[in-house]
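Chemist: Predicted model, plus sequence, below.
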Amino acid sequence: MTDTGSQQPKTPHLLPRIMSVALINGIGAIFLLVLNFILARKLGKDGVGIYNYAWAWIEVVVVFSTLGLNKLAMRDVAYHVTHNAWTKLRGLLIGSTAMLTASAVIASGLLAVVFYFFLDNVFELIFLQAVLLGLAVIPFRSLAFHFYGILLGLRKSMQAQIPMFIGQPFFTIIIFLIIMWYYGISQITGLSAVTASMLSALLVALISLVISFKYIPREVLSVKSEYTPIPWLKVAMPMMFMASMALINIRADIIMIGLLGRSDDLTGEVGVYTIASRCSELIRFGILAVNPVIVGLIAKHHATKQHDKLKHVVKSSARYLLFGALASVAALYFFGQPILSIFGSGFEVGYTALMILAIGQFMTIALGPVDATLIMTGHHHIALIGLLIATIVNLILNAVLIPQFGMTGAAIATATSATIWSTILAMAVVKKLHFRPFAFF
C-alpha cells in the first residue's frame, strides 16, 4: 500500500513540541559531554574508562530490573486516561511501582553476590570495584525510568525529560566537583565519579516521583485499585527484553572491550572508545527528542483507530529525524578529530571508531521511529524477534572482532547490528501497519 493519493491529516503543535524536547535533550547532551570532559581532564583516559564501564553495566541491569513495567506504563497510562479507566490506572501506578522496586533491589543484591564471589577473576580489579559500586545505583535509576514512562504516558514529555536527561548529568557534575574539592584531586578516581552518579540518581528519582504525582489525574485518588499483575507482565516482559537487547546493541561494545580487549592500557582504551561512542550518540539527539513526543500520540491514535493520523505522526517525525541526522554526521566527519582532542591527549585515536558508529547511528535514524511505532501499537512481539537477531549478531561480532581490532572492531559490530535491527523493524511496520515509516517514500 502506498502513501500517495490521500490527504495527510494535520497533527497540530507536533513540531513545536519536538523542538521543545530537542532543546531539553540538547542541554542534557551538553551536560553529559561536560561531565565526560571534566573526568577526562581531571582523571585522564583511565578515569573516564572506569566511570563509563560501570555506567554501561548500570544501564543494562536497569533495563532488566524494570521488568518492562516502565514501557508498559508509557503505553497503558495513555490508554487508561483516554478511556477514563481510573481504577485500572490507579492499580497500574501503585502495583507496577511496587513490583519494579522489589525487582530492582533483588537484582542489584543478587548481582553483587555473583560478581564478588564468582566473577572476581573475570574483571580487572578496578573494573570489578566500579561495577559493584554501580549496582547501588540500580534501584534509584530504575524508579526514575518508571516515573519517566508514567509522565510520557500522561503526555508530559518535557516534564519527563528534564530530570532524566538534564538532572542526572548535572547533579553528577555538581556532586563530583564537591567530592573533588573536599578530598583533593590526588584522592579522586573513577570510583568517585560512580559515587557521584549514585547520589545523582537518588535525587533524580525523588524529583521524578514528585513531578509524576503532580500530573496524575485527581480522579485516581478517589477510586479503588484494580490490579492485574499477570497481564501486566505478559505485555511488559517482551517490552523489557526488547529494550534490554536494544541497549545491549549500544552498550555491549564497552562491556566486551573491558572483558576481551588485549590492550596494555585497557581502562584507557575503554575511555577513548566511550568518548567516541558518546560523541556518535549526538546523532540520536533527534530521536531522543521525537520519541517522547510521539509515543503518546501513537498510542492514542492506535487506541482510537485513527490510522491516518498515526501514519502522519510517524512520517512527519521521520522527516525531522533525517535532516537532523544528516547535519550531525557531516559535523562529526569534518570536526570529529578536533572534538575528540578537546578531551585530552590520546582521545583523537578514536576518530575511526567515531565515524563507524556515526554511520550506524545514521542508518537506524534514516528508517524512522520504528521502535516506538511498533511498541505503541502492540507489535512488540514481532519487533522482539528482529531485535533478538540483531543482538546475537552484535555479541558474535564483538567477540570475534574486539580481540583482533580492539575499539575499531567494537564499532563495526555495533554499527552492523544496529542497522540490521532497524531494517527488520521497518519491514515489520510496513507489513503490520501497512505504511512505510520512512521520511519521503
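Modeler: Yes, it's here. Note that the coordinates shown come from a computational prediction; the quantities given were computed from them, not determined experimentally.

Chemist: now the closest residue to residue 436 other than its chain neighbours: how far from residue 424?
Modeler: The shortest distance from residue 436 to any non-neighbouring residue, by CB to CB, 6 or more residues apart in numbering, is to residue 430 (5.6 Å). Quick note: C-beta positions are derived from backbone N, CA and C, even for glycine. Going from residue 430 to residue 424 by CB to CB, to the nearest Å gives 11 Å.

Chemist: now swap in residue 206 and tell me
Modeler: Per CB to CB, residue 206 is found 39 Å from residue 424.

Chemist: In terms of neighbours, single out the busier of the two.
Modeler: residue 424 (19 against 15; other CB atoms under 10 Å).

Chemist: And the more buried one, which helix or strand is it part of?
Modeler: Taking DSSP states H and E as the criterion, residue 424 maps to helix 407-433.

Chemist: for that helix, which positions count as buried?
Modeler: For helix 407-433, burial by neighbour count (16 or more other CB atoms under 10 Å) applies to 407-426, 428-429, 433.

Chemist: tell me the centre residue of this structure?
Modeler: The centre of the chain sits closest to residue 247, judged by CA atoms, centre = their mean, with a distance of 6.6 Å.

Chemist: list the contacts for it?
Modeler: 59, 60, 63 (CB atoms under 8 Å, 6 or more residues apart in numbering).

Chemist: In which helix or strand does the last one reside?
Modeler: Secondary-structure element containing residue 63, defined by DSSP H and E: helix 14-65.

Chemist: What of residue 345?
Modeler: Using DSSP H and E, residue 345 sits within no helix or strand.

Chemist: Would you mind giving both backbone torsions of it?
Modeler: Note on residue 345: backbone dihedrals following degrees, to the nearest 10 are phi -70, psi 130.

Chemist: which stretches of the chain have low pLDDT?
Modeler: Filtered on pLDDT under 70, the chain yields the residue ranges 1-22, 120, 122-123, 285-289, 292, 380, 439-441.

Chemist: now the helices for the stretch 101-250 of the chain?
Modeler: Using DSSP state H, counting those that start in this stretch, the helices of the stretch 101-250 of the chain run over 125-134, 138-153, 157-161, 168-183, 190-215, 229-260.

Chemist: and those helices, which is most packed in?
Modeler: With neighbours taken as mean count of other CB atoms under 10 Å, these reach their highest mean count in helix 138-153, at a mean of 27.

Chemist: Which strands or helices does that one pack on?
Modeler: On a contact count with 3 or more CB pairs under 8 Å, 6 or more residues apart in numbering; DSSP states H and E, helix 138-153 meets helix 14-65, helix 69-82, helix 86-118, helix 157-161, helix 190-215, helix 285-303.

Chemist: how far out from the middle of the chain is the first one?
Modeler: Averaging C-alpha positions (CA atoms, centre = their mean, to the nearest Å) puts helix 14-65 10 Å from its chain's average.

Chemist: for the third one, same thing?
Modeler: Put simply, helix 86-118 sits 19 Å off its chain's centre (CA atoms, centre = their mean).

Chemist: do the same with the shortest one
Modeler: Distance of helix 157-161 from the chain centroid (CA atoms, centre = their mean) equals 15 Å.

Chemist: Only alpha carbons, please: show that helix as CSV.
Modeler: Below are the C-alpha coordinates for helix 157-161, written out as CSV (Å, rounded to 0.1, in the frame of the first residue of the first chain):
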residue,chain,number,x,y,z
SER,A,157,7.2,14.8,27.7
MET,A,158,9.1,17.9,28.8
GLN,A,159,8.5,17.2,32.5
ALA,A,160,9.7,13.6,31.9
GLN,A,161,12.8,14.7,30.0
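
Chemist: show me what contacts residue 284?
Modeler: 361, 365.

Chemist: what about it, distance to residue 369?
Modeler: 11 Å.

Chemist: Just read off the phi/psi values of residue 263.
Modeler: Backbone torsions for residue 263, taken as degrees, to the nearest 10, come to phi -70, psi 150.

Chemist: Let me see the contact set for the residue lying closest to it once chain neighbours are set aside.
Modeler: Distances taken as CB to CB, 6+ apart put residue 269 closest to residue 263, at 4.3 Å, once the chain neighbours are dropped. By CB under 8 Å, 6+ apart, the residues touching residue 269 are 45, 49, 257, 261, 263, 406, 407.

Chemist: Quick check: which element contains residue 269?
Modeler: Here residue 269 is assigned to helix 266-280, by DSSP H and E.

Chemist: what's the answer for residue 325, then?
Modeler: If you go by DSSP H and E, residue 325 is part of helix 307-342.

Chemist: same question, residue 378
Modeler: In this assignment (DSSP H and E), residue 378 forms part of neither any helix nor any strand.

Chemist: for it, what are its contacts?
Modeler: residue 302.

Chemist: follow-up on the earlier one: ok, the residue nearest to residue 263 to residue 405 distance?
Modeler: Here the criterion is CB to CB. By it, residue 269 lies 12 Å from residue 405.

Chemist: got it, and residue 140?
Modeler: Counting by CB to CB, the separation of residue 140 from residue 405 is 37 Å.

Chemist: try residue 323
Modeler: For residue 323, the distance to residue 405 - CB to CB - is 33 Å.

Chemist: Of the two, which one has the most company?
Modeler: Neighbours were counted for residue 323 and for residue 405 using other CB under 10 Å; residue 405 has more, 16 against 11.

Chemist: Excluding chain neighbours, what is closest to that one?
Modeler: residue 412 (7.5 Å).

Chemist: pretty sure the one you found is in contact with residue 400, am I right?
Modeler: No. Taking contacts as CB atoms under 8 Å, residue 412 lies outside contact range of residue 400: 9.9 Å.

Chemist: does the nearest residue to residue 437 once chain neighbours are set aside count as helix, strand or coil?
Modeler: Once flanking residues are discounted, residue 437 sits nearest to residue 368: 3.5 Å by CB to CB, 6+ apart. Recorded secondary structure, residue 368: coil (DSSP: H, G, I helix; E, B strand; the rest coil).

Chemist: and residue 368, how many neighbours?
Modeler: Applying other CB under 10 Å, we find 26 residues neighbouring residue 368.
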